[in-house]
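In: Generate a structure from the sequence data that follows.
(4 chains)
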2 protein chains.
Amino acid sequence: MKRSRHLKRKAKRAEPKRVVPEAVDPRSVDDDPVVQGILTAISQKRLKPGAKLGEDKLASAFGTTRIHIRQALSHLASRKVVMQIPNRGAFVYRPSWEEAQDIFAARRIIETAAVAAAIDRLDKAGKAELKAHMELEARHDRNDRWASLSLTAEFHILVAKLAGNQVLLDMSRELMLRTSLAIATFEQPGEPDCSPDAHPDIGALILAKDKAGAIHAMRHHIEEMEKRITPRDDKDEVDELTAIFQEIGARARAGG
Amino acid sequence: MKRSRHLKRKAKRAEPKRVVPEAVDPRSVDDDPVVQGILTAISQKRLKPGAKLGEDKLASAFGTTRIHIRQALSHLASRKVVMQIPNRGAFVYRPSWEEAQDIFAARRIIETAAVAAAIDRLDKAGKAELKAHMELEARHDRNDRWASLSLTAEFHILVAKLAGNQVLLDMSRELMLRTSLAIATFEQPGEPDCSPDAHPDIGALILAKDKAGAIHAMRHHIEEMEKRITPRDDKDEVDELTAIFQEIGARARAGG
DNA sequence: GGGCAGAATACTGTTTACAATACAAGCATT
DNA sequence: AATGCTTGTATTGTAAACAGTATTCTGCCC
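Out: The predicted model follows:
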């Protein structure tokens, strides 16, 4: 008796019922306060590209343990927001010049498509949301640099949201962040990110359902943004010497 | 003397030289064998959506420790290839019906743009590569299901590669994987993923630099792919009973 | 016989400590 | 004075043990 029961139990264990989990809110990762904190710090340019993100420091700063920090950094690394180098640590991602150009090209593609989709499915609620944001952006304090940065980014996010495609929205969010890093890496000091004057025009064209015009305006806006960066990255701390060494190192790595 | 030296040393410590790391090959994460293994297993449909990915089992399967497995799973979770549920473990991601539609819509946008860019910058090497792949796809053994799956995916990847935008390529790769999951979740049993007959047409149009035609063909191809899935997900093993249990569980979880 | 509480079990999540690596200062040498 | 080596320190990577949770099995009651 006992033996047969034992066998039966073993057989059941080998093939469990396997209840497939379905309706679970999957935004557990992005709700992580560490991820959120680093993300906002980067998008607000309080963390510059190349800045070291030490695990202990972050752990004490966020009041948590190194494991959570490591998980958050790993997550951000897979989103190309931080760069992890073995045995050296994590740094704020610093895109190459080619990557920066690719990011802008991708934004041209995705955001023009988002504009088109947004116009196609624009309803009353969407119009209201768009108008509300334009109002907000029109009357905000332009001297408050951090608020400006958040607001201008929000406009693009809102357009992607109005397109009604979650996948596209996530991609836009990611590209927005990486744009922020690209601009921080290659910008001429003192220039703003977006030319904010373009947003009201684009918004008006969307509200008017002028698809061709809105697409053109968005593409132009992104092109203007791209024009503000230049390939030279020898800013403040990076002098000629380190640039030479970097090139040598890269060449050695490519050759071996 | 000693004390002044000590102070000096401390001051130096507080602000280190901070050599910013630059040209480092960043594909360290994707080279991880665990990530690679799970990815190929999923793209070859050997792992079905909803399949449990136990840490111990994976660790022994890959001959490594749980730490690496956890890192890999975390990475895959941030790419929406696996779903992590607290205290329950990791499962192969199972997109919702809406998400599946969004994935196809995103692919329409990105891959049509990729086709256009590929035609714009098509050179001799690109033509050769494309021809070689078409040759390969034409003469492959259609009964070898796994090879078929890899080859049809490779075609789309190749087009994205010819577009010459690394960011776009990464996005295409990600969307391809998620398409694989969407099809595995919602396909009618027995149907293939891509209609492989479309690839030679698209390839020929690209080689002929017929941009409008190639874009149209690619869009049509993806639309045909999308038509093959249906919103009902009560397939083989998921019978009415487990569906009921799932609903009950979800409700209990939401209520408590 | 079927449904339900309680215990055993397997699994995930976390903490801890330890090992390995890279970095920076100090020292000797030329 | 500058370069190369050695030592010490800080930080990252890894392993193992522990705690908490969900799941499964068992015995009981209806």
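In: Is any residue of the helix or strand containing A:S74 near chain B?
Out: Assessed by DSSP states H and E, A:S74 sits inside helix A:66-78. Yes. Applying CB under 8 Å from any CB of the partner chain, one finds helix A:66-78 in contact with chain B at A:Q71, A:S74, A:H75, A:A77, A:S78. Bear in mind the C-beta positions are built from the backbone N, C-alpha and C, glycine included.
In: helix or strand right after that helix?
Out: strand A:82-85.
In: Who are the packing partners of that next one?
Out: Strand A:82-85 sits against helix A:66-78, strand A:89-92, with contacts defined as 3 or more CB pairs under 8 Å, 6 or more residues apart in numbering or on different chains; DSSP states H and E.
In: export the ones you listed to a markdown table and tack on distance to B:A204, mean neighbour count and mean pLDDT?
Out: Listed next are the helices and strands packed on strand A:82-85 as a markdown table, based on distance: least, CB to CB, whole Å; neighbours: other CB atoms under 10 Å in any protein chain shown; pLDDT from 0 to 100:
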| stretch | distance to B:A204 | mean neighbour count | mean pLDDT |
| --- | --- | --- | --- |
| helix A:66-78 | 37 | 20 | 94 |
| strand A:89-92 | 45 | 21 | 94 |
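In: For A:A212, the count of nearby residues, please.
Out: 10 (other CB atoms under 10 Å in any protein chain shown).
In: so it is in which element?
Out: helix A:211-227.
In: State the distance from A:A51 to A:V82.
Out: A:A51 sits 9 Å away from A:V82, going by CB to CB, to the nearest Å.
In: Common neighbours of the two, please.
Out: Counting by CB atoms under 8 Å, 6 or more residues apart in numbering or on different chains, the shared contacts of A:A51 and A:V82 are A:F91, A:V92.
In: okay, the helices and strands packed on strand A:82-85 in CSV with distance to DNA strand C next?
Out: As requested, these are exported to CSV (distance: least, CB to the nearest atom of the strand, whole Å):
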stretch, distance to DNA strand C
helix A:66-78, 4
strand A:89-92, 9
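In: Could you list the buried residues of the longest helix seen in chain A?
Out: Taking DSSP state H as the assignment, the helix of chain A that covers the most residues is helix A:97-120. Neighbour-count burial for helix A:97-120, counted by 16 or more other CB atoms under 10 Å in any protein chain shown, picks out A:99-119.
In: On the pLDDT front, check A:D233 for me.
Out: Note for A:D233: predicted pLDDT of 51.
In: A:A61 now?
Out: In this model, A:A61 carries a pLDDT of 93.
In: what's the angle between the helix or strand where it lies and helix A:66-78?
Out: Assigned by DSSP H and E, A:A61 falls within helix A:55-62. Counting by axes from the mean of the first three to the mean of the last three CA atoms, to 10 degrees, helix A:55-62 lies at 110 degrees to helix A:66-78.
In: from the middle of its chain, how far away would helix A:55-62 be?
Out: Counting by CA atoms, centre = their mean, to the nearest Å, helix A:55-62 is centred 22 Å from the centre of its parent chain.
In: Who are the packing partners of it?
Out: Helix A:55-62 packs on helix A:33-43, helix A:66-78, going by 3+ CB pairs under 8 Å, 6+ apart.
In: quick one, which of those is nearest to A:A128?
Out: helix A:33-43 (25.7 Å; CB to CB).
In: residues of the closest one that come out buried?
Out: Neighbour-count burial for helix A:33-43 [16+ other CB under 10 Å]: A:V34, A:V35, A:I38, A:L39, A:I42, A:S43.
In: Relative to A:P95, which of these is nearest.
Out: Closest to A:P95, out of all of these and judged by CB to CB, is A:I42, at 12.3 Å.
In: mind checking the end-to-end distance for stretch A:131-150?
Out: 17 Å (CA to CA, to the nearest Å).
In: Name the residues of it that are buried.
Out: Applying 16+ other CB under 10 Å to stretch A:131-150 flags A:H133, A:M134, A:E137, A:S148, A:L149 as buried.
In: Looking at the residues you listed, which two lie furthest apart in space?
Out: For these, the farthest-apart pair by CB to CB is A:M134 and A:L149; their separation is 17.3 Å.
In: Just put the residues of helix A:66-78 next to chain B in a markdown table and tack on distance to B:H221.
Out: A markdown table is the format used below for the residues of helix A:66-78 next to chain B (distance: CB to CB, whole Å):
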| residue | distance to B:H221 |
| --- | --- |
| A:Q71 | 39 |
| A:S74 | 36 |
| A:H75 | 34 |
| A:A77 | 34 |
| A:S78 | 29 |
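In: sorry, back to before: close to chain B, is the helix holding A:A212?
Out: No. Helix A:211-227 lies out of reach of chain B by CB under 8 Å from any CB, never closer than 12.0 Å.
In: got the contact list for that helix?
Out: Outside helix A:211-227, the residues touching it (CB under 8 Å, 6+ apart) are A:101, A:104, A:107-108, A:111-112, A:115-116, A:119-120, A:159, A:179, A:183, A:193-195, A:198-199, A:201-202, A:205-206.
In: could you dump it to PDB, C-alpha only?
Out: C-alpha atoms of helix A:211-227 as PDB (Å, rounded to 0.1, in the frame of the first residue of the first chain):
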ATOM      1  CA  LYS A 211      -1.400  63.900 -41.200                       C
ATOM      2  CA  ALA A 212       1.200  64.900 -43.800                       C
ATOM      3  CA  GLY A 213       1.900  68.200 -42.100                       C
ATOM      4  CA  ALA A 214       2.200  66.700 -38.700                       C
ATOM      5  CA  ILE A 215       4.500  63.900 -39.900                       C
ATOM      6  CA  HIS A 216       6.700  66.500 -41.700                       C
ATOM      7  CA  ALA A 217       6.800  68.700 -38.700                       C
ATOM      8  CA  MET A 218       7.800  65.900 -36.400                       C
ATOM      9  CA  ARG A 219      10.500  64.700 -38.700                       C
ATOM     10  CA  HIS A 220      11.800  68.200 -39.000                       C
ATOM     11  CA  HIS A 221      11.700  68.600 -35.300                       C
ATOM     12  CA  ILE A 222      13.800  65.500 -34.700                       C
ATOM     13  CA  GLU A 223      16.200  66.500 -37.500                       C
ATOM     14  CA  GLU A 224      16.600  69.900 -35.800                       C
ATOM     15  CA  MET A 225      17.300  68.100 -32.500                       C
ATOM     16  CA  GLU A 226      19.900  66.000 -34.200                       C
ATOM     17  CA  LYS A 227      21.600  69.000 -35.700                       C
END
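In: Quick one: mean pLDDT for it?
Out: Helix A:211-227 comes out at a mean pLDDT of 95.
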